[in-house]
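Engineer: starting from these lines, generate the structure:
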Amino acid sequence: MGSLGGEVGRKKAMEMYPKVMEAHPSERWGHSACYFNGLLYVFGGCRGGVHFSDVLVCSLETMTWNILETSGSGPGPRDSHTAVLVGSKMIVFGGTNGCKKVNDLHILDLLSREWTHPECRGNPPSARESHTANVVGDEKMVVFGGSGEGEANYLSDLHILDLKNMEWTSAEVRGHVPAPRDSHSSVVVGDRLYVCGGDSGDRYQCDVCVLDLNRSIWSTIDGRGPLPSARAGHASVSIGTKASLFVSKPRLWFLSFASLSNNKLRAFADVFDWWSWGQTILRRHMGPRCDHVFLASARDMLSKVSRTIFSHSDSHKPWHSPLWRVRRG
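Structural biologist: So this is what the prediction gives:
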């Protein structure tokens, strides 16, 4: 995606729309995705009132899609949930099944292809959708925000699942706590959780909030250059976590997609280097969208990111189902 140095300014990246050898999966939004062992796993989502419960798999080598045959009791139809990868296991939490918001947790072993529904100790987060979940060192899963049951019930609470003991705790935090929100994005880099944007009901957010996971203290950061406009329904990814051992700061990118301007929803497509806020120029344009996913496959993270994977959809017609790649220029 062009130079990831500290300079402020526009960077160039190569955006590709790879040829899929077979039919694309059904268009959807509010799905989740994980990358494991050369395969992209997509779970759930919604389109036109239909909630999906399938697991789709795309081989990034052959560019073919298939439906994964699984065993066990899965989550059922689900959208606006989260899915994180721990080892070979995809952990799905929360979301909505079309009738109500839920707070259950399911695990799909991507090797055995079996769903399990583990019993967790402690006090789990309340039912919610459009939250975020991130893994910290394969030991903890951090859940932040979302929208709970009822109307305009935006949340800013933080919950941590100990993945070894499968026990939930509610974190007591201090500092500049983010405003309640859903449809935000978040990434973990080292011992910090970065939360960007989101929908607070009366406004869209444009802030970047940082949680020190060791001290449980929230703060905000200001990047150099022009800030992105307020947005929600976007996606974020860190593509320099290991490379940050050799530089002063990690590189975090987010792909935008919805902004509230003059009380109207505006969609757009752009990519920013989180630290310099330098907008990246894409040589091809995939078009505006929201409620998509944005993943990085890190085959060679220490020297460069080999490719960044997009699987996306738009909650406002038309929906999208193609898979895009972006390579650094």
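Engineer: from what I see, Ile91 and Val143 are in contact.
Structural biologist: No. Applying C-beta atoms under 8 Å, one finds Ile91 not in contact with Val143, separated by 10.7 Å. C-beta coordinates here come from the backbone N, C-alpha and C atoms, glycine included.
Engineer: which neighbours do the two have in common?
Structural biologist: Common contacts of Ile91 and Val143 (C-beta atoms under 8 Å, 6 or more residues apart in numbering): Ala133.
Engineer: out of the two, which sits in the more crowded spot?
Structural biologist: For Ile91 versus Val143, neighbours defined as other C-beta atoms under 10 Å are more numerous around Val143 (26 against 20).
Engineer: give me the below-cutoff pLDDT ranges for the stretch 101-250 of the chain.
Structural biologist: Applying pLDDT under 70 to the stretch 101-250 of the chain picks out residues 223-227, 239-250.
Engineer: show me where it has strands.
Structural biologist: Remark: strands assigned in the stretch 101-250 of the chain by DSSP state E, counting those that start in this stretch are 101-109, 114-116, 121-122, 132-136, 140-147, 154-162, 167-170, 174-175, 185-189, 192-199, 204-212, 217-220, 235-238.
Engineer: output those in a markdown table; the columns should cover distance to Ile67.
Structural biologist: Shown next, in a markdown table, are the strands of the stretch 101-250 of the chain (distance: least, C-beta to C-beta, whole Å):
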| stretch | distance to Ile67 |
| --- | --- |
| strand 101-109 | 14 |
| strand 114-116 | 14 |
| strand 121-122 | 34 |
| strand 132-136 | 24 |
| strand 140-147 | 27 |
| strand 154-162 | 29 |
| strand 167-170 | 32 |
| strand 174-175 | 45 |
| strand 185-189 | 28 |
| strand 192-199 | 32 |
| strand 204-212 | 36 |
| strand 217-220 | 41 |
| strand 235-238 | 24 |
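Engineer: for Glu69, find the nearest of the ones you listed.
Structural biologist: strand 114-116 (10.8 Å; C-beta to C-beta).
Engineer: before we move on, back to that, and of the strands of the stretch 101-250 of the chain, who's closest to Gly72?
Structural biologist: Closest to Gly72 of the strands of the stretch 101-250 of the chain, according to C-beta to C-beta: strand 114-116, at 3.6 Å.
Engineer: Trp115 bridge partners, please.
Structural biologist: Gly72, Leu108 (DSSP bridges).
Engineer: burial measure for the nearest residue to Ser80 once chain neighbours are set aside, as a count.
Structural biologist: Nearest residue to Ser80 in three dimensions, chain neighbours excluded: Glu129, at 3.8 Å (C-beta to C-beta, 6 or more residues apart in numbering). For Glu129, the count of nearby residues is 24 (other C-beta under 10 Å).
Engineer: quick one: contacts for Asp162?
Structural biologist: Going by C-beta under 8 Å, 6+ apart, Asp162 touches 139-140, 168-169.
Engineer: next: Glu149.
Structural biologist: Glu149 touches 100-101, 126-127, counting by C-beta under 8 Å, 6+ apart.
Engineer: again, only this time at 10 Å
Structural biologist: Listed by C-beta atoms under 10 Å, 6 or more residues apart in numbering, the contact partners of Glu149 are 100-103, 126-129.
Engineer: which of the residues you listed sit farthest apart?
Structural biologist: Across these, the longest distance by C-beta to C-beta is 12.1 Å; it joins Lys100 and Ser126.
Engineer: tell me which of the two has more neighbours.
Structural biologist: Ser126 (15 against 9).
Engineer: out of the strands of the stretch 101-250 of the chain, which is closest to Gly74?
Structural biologist: strand 114-116 (4.1 Å).
Engineer: show me what that closest one packs onto, helices and strands only.
Structural biologist: strand 71-72, strand 89-96, strand 101-109 (3 or more C-beta pairs under 10 Å, 6 or more residues apart in numbering; DSSP states H and E).
Engineer: what's the shortest one in contact with?
Structural biologist: When you say that, I think you mean strand 71-72. 106-109, 112-117.
Engineer: which one of those residues is nearest His184?
Structural biologist: Closest to His184, out of all of those and judged by C-beta to C-beta, is His106, at 22.9 Å.
Engineer: can you tell me which residues contact that closest one?
Structural biologist: So His106 contacts 43, 72-76, 78, 81, 83, 90-93, 115-118 (C-beta under 10 Å, 6+ apart).
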